[in-house]
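[1] Please find the sequence and the predicted model below.
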Amino acid sequence: MDEDRRGWRRCLLSGAVFAVCMAGTTLPTPLYGLYQEKFDFSELTVTVVYAVYAVGVIGVLLLAGNASDAVGRRPVLLWGLGFAAASAVCFLCATALGWLYAGRLLSGLSAGLFTGAATAYVMELAPRGGASRATFVATAANMGGLGCGPLLAGLLAQYAAWPLYLPFIVHLVLVAGSAAVLLRLPETVRERRPVSEVRPRRPGLPPRVRAVFGPAAAASFVGFALFGVFTSVSPSFLAQSLDVHDRALSGFVVALAFFSSTAGQLAVGRVGVGRSLPLGCAALLAGLALLAGALRWELLPLVVLSAVVGGIGQGLSFRGAVSAVAQASGADRRAAVISALFVVAYTGISVPVIGVGVLSGPIGLEGAGLVFIACMAVLVSTAGVYLLRRPVPAAENGEGAATGSR
């Protein structure tokens, strides 16, 4: 019993470290309007600054996604915390736009290192037989941490002094505390190898995975694209179109999408992988429709509803997608296939968002948003119809990859 208690304490502590790192990646979200005022840049620049994060994540996934399997979980996570701290320092020192680009890139490197290593670490620290509960901890830490970032920054920016500095100072303190916690936790990789053995891995798709991968990747792309729009341009839309200048409220709306994703991911255990993908596509389509209504009629309640419904759809579809492709892959190719899914997902969080920024100049933010919604609706509808015609086989044991991080 004492050993179980010790194992769960370690599991929860590692989950807290995971959450702190992920919170740093969304911390600037409610602050972009202030940076626009300070540095006088366009909506397109906001989306590019945001998308630079995805470049860092994809780069790490492709070049060093398996590093923790070789050198150990703790060294990789400590490097991830180091990049998170460096990112916060860039935002604290920001005197020009280049600092924001550097901060977002470093944040992406941090998230790329944490995504796989932290999920594996949380699950390995759990007591024997606790895989399902450990998956919950990893899921909550990942998406919950992403939601806490804009919520924390929004509250501090609205109700405390130094809105462009205090959130990052607080995060630096949390990162330092996380490093201290991590140094007291045990290493779980027994046979460590030198860093020279870490090799870039090319995502690969065995033939039997391709039928599942296409619709799963499409749903993941749309879900992450929806999150990308929420976290990059929704604060600007709230301020410009709805005259909502409360940064705490802006941060809360973005946080709702991530918290709802956590709920959607947890629901997969009850719904089942076979049903979660088409249900997730349907919820994403509903979320997109609500967002279109919010843009068309400029209604805050519809923005909130779109965050909740779209977030649930993203959680259902993404956890279902990861479980489906993991089940269809052989053990020797599973990591490469999941890496390919993540590359598609993080492309979704960047390319469409930049497209919205490009279009916002000639046709306005609302028009650009409606074009984005139309394109994503076609994509997710096609994936949903395909999944209804060719359902993913039900999997009882696909929970290990629940967060999509391994």
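    Ah, there it is.

[2] any low-confidence regions in the stretch 101-250 of the chain?
    Applying pLDDT under 70 to the stretch 101-250 of the chain flags the ranges 201-204.

[3] For it, just list every one of the strands.
    Here the stretch 101-250 of the chain has no strands by DSSP state E, counting those that start in this stretch.

[4] where exactly do the helices run in it?
    Using DSSP state H, counting those that start in this stretch, the helices of the stretch 101-250 of the chain run over 131-159, 166-184, 207-232, 234-240, 247-271.

[5] The last one: which residues count as buried?
    Right, helix 247-271. Across helix 247-271, burial judged by 16 or more other C-beta atoms under 10 Å covers 247-269, 271. No exception for glycine: its C-beta is placed from N, CA and C like everyone else's.

[6] Please convert the helices of the stretch 101-250 of the chain to a markdown table, extending it with distance to Val309.
    A markdown table is the format used below for the helices of the stretch 101-250 of the chain (distance: least, C-beta to C-beta, whole Å):
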| stretch | distance to Val309 |
| --- | --- |
| helix 131-159 | 16 |
| helix 166-184 | 28 |
| helix 207-232 | 10 |
| helix 234-240 | 15 |
| helix 247-271 | 8 |
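
[7] Which stretch among these approaches Gly82 most closely?
    helix 166-184 (8.3 Å; C-beta to C-beta).

[8] Quick one: list the elements packing against that closest one.
    Under the contact criterion of 3 or more C-beta pairs under 8 Å, 6 or more residues apart in numbering; DSSP states H and E, helix 166-184 touches helix 2-26, helix 73-92, helix 131-159.

[9] low-scoring pLDDT stretches of the stretch 251-400 of the chain, where are they?
    Applying pLDDT under 70 to the stretch 251-400 of the chain flags the ranges 331-333, 335, 393-400.

[10] returning to what we had before: in a markdown table: the helices and strands packed on helix 166-184, plus distance to Val170.
    Formatted as a markdown table, the helices and strands packed on helix 166-184 follow (distance: least, C-beta to C-beta, whole Å):
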| stretch | distance to Val170 |
| --- | --- |
| helix 2-26 | 10 |
| helix 73-92 | 9 |
| helix 131-159 | 7 |
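
[11] before we move on, the earlier item: which one, of the helices of the stretch 101-250 of the chain, ends up nearest to Val358?
    Closest to Val358 of the helices of the stretch 101-250 of the chain is helix 207-232 (C-beta to C-beta; 12.8 Å).

[12] Quick one: list the elements packing against the closest one.
    Using 3+ C-beta pairs under 8 Å, 6+ apart, helix 207-232 is in contact with helix 43-64, helix 247-271, helix 273-297, helix 300-328, helix 334-348, helix 351-389.

[13] what's the angle from the second one to helix 166-184?
    Computed by axes from the mean of the first three to the mean of the last three C-alpha atoms, to 10 degrees, the angle separating helix 247-271 from helix 166-184 equals 40 degrees.

[14] can you offset everything so residue one is 58?
    Got it, the first residue is 58 from now on, which makes the last one we talked about helix 304-328.

[15] Now do helix 304-328: distance to the chain's middle.
    On the basis of C-alpha atoms, centre = their mean, to the nearest Å, helix 304-328 sits 11 Å off its chain's mean C-alpha point.

[16] and it, what other elements does it pack with?
    Packing partners of helix 304-328 (3+ C-beta pairs under 8 Å, 6+ apart): helix 188-216, helix 264-289, helix 291-297, helix 330-354, helix 357-385.

[17] Ok, which of these comes nearest Val238?
    In terms of C-beta to C-beta, the element of the helices and strands packed on helix 304-328 nearest to Val238 is helix 188-216, at 13.0 Å.

[18] For that closest one, could you pull out the residues that count as buried?
    Buried positions in helix 188-216, judged by neighbour count with 16+ other C-beta under 10 Å: 191-215.

[19] cool, and stretch 117-132?
    Using 16+ other C-beta under 10 Å as the test for burial, stretch 117-132 gives 117-119, 121-132.

[20] Quick one: residues in contact with it.
    Here stretch 117-132 makes contact (C-beta atoms under 8 Å, 6 or more residues apart in numbering) with 133-134, 165-166, 169-170, 172-175, 177-178, 181, 239-240, 242, 244-246, 249-252, 254-260, 392, 396, 399-400, 403.

[21] which non-adjacent residue is nearest Val103?
    Excluding the flanking residues, the one nearest Val103 by C-beta to C-beta, 6 or more residues apart in numbering is Tyr89, at 5.1 Å.
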